[in-house]
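Enquirer: For reference, the sequence and a predicted model appear below.
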There are 2 protein chains.
Amino acid sequence: MNYITIDELPRHIGEDVRLRGWVRRFRSSGKISFLVLRDGTGEVQCVFVKNEVSEETWAGLEDASHEACVSVAGLVRADDRAPSGVELTATGFELLGASAEYPIQPKEHGVDFLLEKRHLWLRSARQIAIMRVRDEVIRAIHDFLHDDGFTHVDTPILTGAIGESAGTLFETEYFDHGKAYLAQTGQLYVEAAAAALGKVYCFGPTFRAEKSKTRRHLTEFWMVEPEAAWMDSDQNMDLQERFVSSIIQRVVLKQREQLEALDRDVSKLEAIVAPFDRMSYSDAVDLLQKQGSDIEWGSDLGAAHEAQLVEGREKPLFVYDYPKGAKAFYMKENPDDPRTVKCDDMLAPEGYGEVIGGSQREDDYDKLLSRIREEGLPEDTYDWYLDLRRHGTFTHSGFGLGVERLVTWICGLDHLRETIAFPRMMTRITP
Amino acid sequence: MNYITIDELPRHIGEDVRLRGWVRRFRSSGKISFLVLRDGTGEVQCVFVKNEVSEETWAGLEDASHEACVSVAGLVRADDRAPSGVELTATGFELLGASAEYPIQPKEHGVDFLLEKRHLWLRSARQIAIMRVRDEVIRAIHDFLHDDGFTHVDTPILTGAIGESAGTLFETEYFDHGKAYLAQTGQLYVEAAAAALGKVYCFGPTFRAEKSKTRRHLTEFWMVEPEAAWMDSDQNMDLQERFVSSIIQRVVLKQREQLEALDRDVSKLEAIVAPFDRMSYSDAVDLLQKQGSDIEWGSDLGAAHEAQLVEGREKPLFVYDYPKGAKAFYMKENPDDPRTVKCDDMLAPEGYGEVIGGSQREDDYDKLLSRIREEGLPEDTYDWYLDLRRHGTFTHSGFGLGVERLVTWICGLDHLRETIAFPRMMTRITP
């Protein structure tokens, strides 16, 4: 008899089948035993009745310890009470891989312990649900961008050029070339690719050596960065709101079961439909001041300001056109107010904070060079980037969306660390 | 009048349109000028007749230098001679971004020069064709694996654990934790994820600090690594041949135009259809010896041996069950011949060498521990990996496919360096 997988069971009702997987739960009354088996495609309850199985099978169930790898044979029965709609009337049991003293028990463990056992913690129903949502988010990102005419271009991780926030870079010796740095963004590179292919995106790991222990920071996280020729700042926000609503609605459609397993209020996600409200930075500061904040025009918005601005909103809010001093050197000077740049942050509701930062890029050679000099950046390092303005400079914009922040929001989690299989934080580099 | 893109032109025959893009080529007889415009979606020839355009427009064409960014207005005409099937009878011209002394000219440049100008070289027709093929390969990888039931799981780049080939690792300081290393593989991590999700894959950049200057090495390259529970070594080869033929046939179907632009003999790719021949390492050594090679049983196969084995073959060849000493510690000991391990290399035809390395993993705790000790690897570093054998160990296999090697083969290139937007080699870390 060939093995089948648990997700195939509903097509085999009334048949004898064999399954293999791991023991999620086991309990026995002495006359009847219940084994919940999981195999990566789902879970099913296998019922062993002492009088109806061989003595050898019944005795073998002693080995059905938590997370042992086992094979179970039996008859598939429809069962409306079961989440999967089926149950197995078991006839055979075989141990494939024992598991003694499985370290994660169905009690409360501290998060440090669970992170130390992350390679096993991944097997829990909650972690599986999060990984399935993350997988759907990643698929939705690729599909949306390709359907919209974007070409995937991988940008380098090891780079001699420094993106932004020098001082928070991981560095490594690179043969005879001195130091190389781990990329914090692929943006400068996708700008070059946009002049070749029009609409492009990179999607890879990015690195920040930030000494930050907040629940919103990882030292290694995945970011998708679309960049498009001929797109201005307003069109950039149009794209962002279409992009984010499309991803979220797809997850709601395809992974509702996982979201419900995570106790996520799905109606909150169903409300995330484009368009989103847009507020200029200056209006945001006015509003905050009216609400009693002592923020002054020119300062960046902090997490508390952001939370105040989205409070009571069901959908994300764009805040756009920030003061130049608060933002990166490559953002385009606003022709209507040169104290500001053409950029936007997308702030998620429910306190999930900034999920996207985007901008139109400075396409004027002289202005870009001045900004590089003002920031004291090494001019020769950026000479190739300036070439993009020397040879056929063009209107273009783009943005970066952090996958872990988006998955945290979608799953309704407290901390980014559960949204990636092996999180890297200031305090953790293993397993 | 709104702008349209070049790929939309066939739907606008007989209409007046506006385009924007970059000047690929420009030539003028004094009475008639031909401007080939590219915009990332395609190329089109725009014809300006001196007597039929304004003096201002004709004079403006002085700015139509190589890679200048321009806007062109005109009437769309069907033209069977044009590759895109259309031509533009131009009426207007506007310079958007000048380009003086564009460094890449239509003459032969040395490859070092071109790599130094990689941010501009990407705009050439050949590089655009390669990037479109790469994009299709990446899409095909994701689609195949999802259709086959695999879940995407991102594995860490920064790691305290050392995968294989210690001594060729990039390292970085990691806060108070000492050194972290850039991952050479995500395999150990996808093994953990396979016990949670059954069939998984990671797909990310991997790093080798190898002092190698061959045309088959990059220091940073992208690798997809599927890993599946319940899959043995034979089934692993089944999956690999289905995977590779499916990717290649999809590229042939969807990117034929790009392959032809690269002068690729597409019939050679059309021949790549599963199944592929399989030869044991021992038989391979016998064959090589008969053909006069002095290779001895136990040595790894070199590139020359591989080339000899695939010579005259139209399809890839699997060589399987290598001697233990030639392969990594995590490969499963062959029960039928414990001198060997259950592994395979897929060797591409036409001299493209190894594109896949795969194996069934050692699932026996004691054997794995012995191998770790024999190799002198730090036992505590691998303790979490041993946990996978302590708790529900299971038959599983997987493989790694290098994207750049596959794209090199598909495009028929001489060197990996053109298959990634910003290649990193021992001799190059910029731009």
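Expert: Structure received. Predicted model only: the values in this text are computed from it and were never measured.
Enquirer: Pull the contacting residues for A:G42.
Expert: A:5-7, A:9, A:84 (Cβ atoms under 8 Å, 6 or more residues apart in numbering or on different chains). The way it works is simple: take the backbone N, C-alpha and C, and place the C-beta from them, glycine included.
Enquirer: so what's the closest residue to it other than its chain neighbours up against?
Expert: Leaving aside its chain neighbours, A:G42 sits nearest to A:I6 (4.0 Å; criterion: Cβ to Cβ, 6 or more residues apart in numbering or on different chains). For A:I6, the contact set (Cβ under 8 Å, 6+ apart) comprises A:19, A:21, A:37-39, A:41-44, A:84.
Enquirer: rerun that using 7 Å as the cut-off
Expert: Applying Cβ atoms under 7 Å, 6 or more residues apart in numbering or on different chains, we find A:I6 in contact with A:19, A:21, A:39, A:41-44.
Enquirer: By neighbour count, which of those wins?
Expert: A:G21 (30 neighbours; other Cβ atoms under 10 Å in any protein chain shown).
Enquirer: Confirm that residue sits in a strand?
Expert: Yes - applying DSSP: H, G, I helix; E, B strand; the rest coil, one finds A:G21 inside a strand.
Enquirer: host element of A:T41?
Expert: Assessed by DSSP states H and E, A:T41 sits outside every helix and strand.
Enquirer: So for the closest residue to it other than its chain neighbours, what's the pLDDT?
Expert: Spatial nearest neighbour of A:T41, excluding adjacent residues (Cβ to Cβ, 6+ apart): A:D7 at 3.9 Å. pLDDT for A:D7: 96.
Enquirer: part of a helix, is A:D7?
Expert: Yes - with three-state DSSP as the criterion, A:D7 is part of a helix.
Enquirer: Give me the neighbour count for the closest residue to chain B within the stretch 51-200 of chain A.
Expert: Closest to chain B within the stretch 51-200 of chain A is A:G198: 2.1 Å, counting by Cβ to the nearest Cβ. A:G198 has 26 neighbours, counted by other Cβ under 10 Å.
Enquirer: And for the one 3 residues further on?
Expert: Here the count is done by other Cβ under 10 Å, and A:Y201 has 27 residues near it.
Enquirer: for it, what are its contacts?
Expert: Contact partners of A:Y201, counting by Cβ under 7 Å, 6+ apart, are A:145, A:150, A:152, A:190, A:224-227.
Enquirer: Those also near chain B: which ones?
Expert: Among those, proximity to chain B is found for A:H152 (Cβ under 7 Å from any Cβ of the partner chain).
Enquirer: Can you check the pLDDT for A:L218?
Expert: 96.
Enquirer: For it, give me its contacts.
Expert: Listed by Cβ under 7 Å, 6+ apart, the contact set of A:L218 reads A:404, A:416, A:420, A:423-425.
Enquirer: Separate out the buried members of those residues.
Expert: Buried residues within those, defined by neighbour count using 16 or more other Cβ atoms under 10 Å in any protein chain shown: A:404, A:416, A:420, A:423-425.
Enquirer: picking that back up, how much space between the residue nearest to the residue of the stretch 51-200 of chain A closest to chain B when sequence neighbours are not counted and B:R20?
Expert: Once flanking residues are discounted, A:G198 sits nearest to B:G40: 2.1 Å by Cβ to Cβ, 6+ apart. Distance of B:G40 to B:R20, given as Cβ to Cβ, to the nearest Å: 10 Å.
Enquirer: So if I had to pick from these two, which one is more boxed in?
Expert: B:G40 (24 against 21).
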